[in-house]
Each structure stands twice: as C-alpha cells, then as structure tokens.
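S.K.: Return atomic coordinates for the entry below.
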Amino acid sequence: MGVWIKKAVLATTAFKKDQFPGLDPGEIAFAGKSNVGKSSLLNRIMGTKKLVKVSSRPGFTQSVNFFSITIGGEGQGNEAFFVDLPGYGFAKAPASVKKKWERLISAYFSSGRKIKGVVAIFDIRRNPDALDLELISFLRFYNIPIIPVLNKCDKLGRGASIRRAEEIRTQLKGLGLNASDLDCLSLVSARSGSGVDDLRSLLLTRLVHT
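M.R.: Numbers count the residues shown, from 1 in each chain. Just a heads-up that it's a prediction; the model follows:
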C-alpha cells in the first residue's frame with residue numbers, strides 16, 4: 001500500500017531551543033552545507049514548491065524550521081515533523097553568525113527529541129570534508145541515525161553518478177558511517193525529481209515503523 005504525505009505545513013520557526021515545539025511525535029531532520037540544495041530537496045519530498053524558502057544566497061536558513069506532516073497509506077493519520085536545519089560551512093558568514101548556528105544545531109541534537117534520523121545531504125560532485133566530518137561526529141556522539149543523500153545527480157550522467165556514489169560511499173565509511181547508514185545511501189536530484197520518490201518512501205517508512 002505504501003506511504004505518502006497527505007499534508008505539509010510550516011509549524012514552527014525556532015531561533016533558540018525554548019522555541020522548539022512542545023509536541024514531539026517523532027521527526028527526521030535535514031542537514032547539509034549551505035547551497036547543497038537542502039531546501040529544494042525538502043520541497044520536492046513534501047510535494048510543494050514554495051513551502052521551504054529557497055534562496056540563491058548561501059547561508060539563508062538561520063533558524064530550525066519544523067514542518068508538520070500528515071502521513072497517508074500504512075501510516076494513515078500519523079503526524080510527524082520534517083526539520084530543516086541551518087546550512088553549515090558558508091565561508092562568508094560572520095563569525096558571530098557561525099557560532100550562533102553551531103549553538104542552535106548543537107541544542108537541537110542534544111534536545112532529547114525523538115529524532116529518528118538526520119538526512120545528511122552531500123553534493124555528489126564534491127568530496128566530504130572536515131565540516132561534513134564535524135556533522136557526522138555530532139550525530140555519532142548523540143547516537144542519531146544518519147541517512148546519507150547525494151544530491152545534484154542531474155549534473156552527472158548515470159554512469160558517472162554511480163561511480164561517484166561508490167567513491168563517496170568509501171569516503172563516508174572512513175568518516176565513521178556504518179553499514180546500516182550506508183545501506184540507506186540515496187542518489188537524488190532536487191532539480192529533476194530523480195530518486196526523490198524512493199527517498200520519501202524510505203523516510204516515511206522510518207517515521208511510521210521505528
């Protein structure tokens with residue numbers, strides 16, 4: 001029968017921990033470097049065009065945004081959150097802004113909320129670096145499952161995407177991802193929609209059954 005999203009709305013925009021919603025039905029968060037296509041991918045997954053604000057300015061998202069979703073199918077009527085985290089690694093951001101983002105993300109990971117996974121989004125054309133390792137280390141410390149996603153596959157041909165996926169898989173293993181994390185590795189294009197249906201199904205199934 002499958003699962004799908006019946007409804008998605010912006011529930012809360014939080015600039016500090018005490019603004020996180022009291023309701024905690026279970027959630028999946030999305031993280032990635034600035035300009036990796038996180039907001040566009042979230043819109044694709046939720047079946048919307050403008051619910052998540054997309055900007056050409058890296059570092060645009062400076063809050064933790066909670067999107068309330070209603071699940072249909074196997075999870076008929078279930079409620080959950082998709083959580084849009086601030087992008088990291090924007091070199092031109094002032095130091096004070098970077099520190100604020102770091103504190104906010106750290107506060108979220110340590111909040112004790114029912115985080116059933118974090119979608120860690122990477123640009124398939126780029127190798128993971130020290131900033132990505134920092135995110136992975138955060139998630140490992142708090143024992144939060146990682147769901148790795150390689151975005152912008154439309155920029156490469158199918159064969160090149162598969163080769164790059166294997167290269168990055170090896171690199172991510174070296175950065176601390178385990179076999180269960182890597183089994184969830186998804187190749188997608190937020191721009192074309194390729195791979196998004198399968199990723200959406202994976203995320204909703206995890207929300208319903210874990």
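
S.K.: which parts of stretch 115-132 are buried?
M.R.: 115-124, 128, 132 (16 or more other C-beta atoms under 10 Å). No exception for glycine: its C-beta is placed from N, CA and C like everyone else's.

S.K.: Adding secondary structure, write those out as a markdown table.
M.R.: Output for those, formatted as a markdown table (DSSP: H, G, I helix; E, B strand; the rest coil):
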| residue | secondary structure |
| --- | --- |
| 115 | strand |
| 116 | strand |
| 117 | strand |
| 118 | strand |
| 119 | strand |
| 120 | strand |
| 121 | strand |
| 122 | strand |
| 123 | strand |
| 124 | coil |
| 128 | coil |
| 132 | helix |
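
S.K.: Going by distance to residue 153, which of the residues you listed wins?
M.R.: residue 124 (5.5 Å; C-beta to C-beta).

S.K.: quick one: low-confidence ranges for the protein?
M.R.: Across the chain, residues meeting the criterion (pLDDT under 70) sit at 1, 54-61, 75, 89-94, 96-98.

S.K.: can you give me the strands in it?
M.R.: Secondary structure of the chain (DSSP state E): strands at 3-14, 27-32, 64-73, 79-84, 115-123, 146-151, 186-187.

S.K.: Can you get me the start-to-end distance on stretch 129-149?
M.R.: Using C-alpha to C-alpha, to the nearest Å, one end of stretch 129-149 lies 15 Å from the other.

S.K.: what's near enough to touch the spatially most central residue of the chain?
M.R.: Compute the mean C-alpha point of the chain, and by C-alpha atoms, centre = their mean the closest residue is residue 30, 1.9 Å away. Counting by C-beta atoms under 8 Å, 6 or more residues apart in numbering, residue 30 touches 38, 41-42, 82-85, 118-119, 121.

S.K.: hang on, the earlier thing: wait, which of the strands of the chain is closest to residue 100?
M.R.: Once the strands of the chain are compared by C-beta to C-beta, strand 64-73 is nearest, at 11.7 Å.
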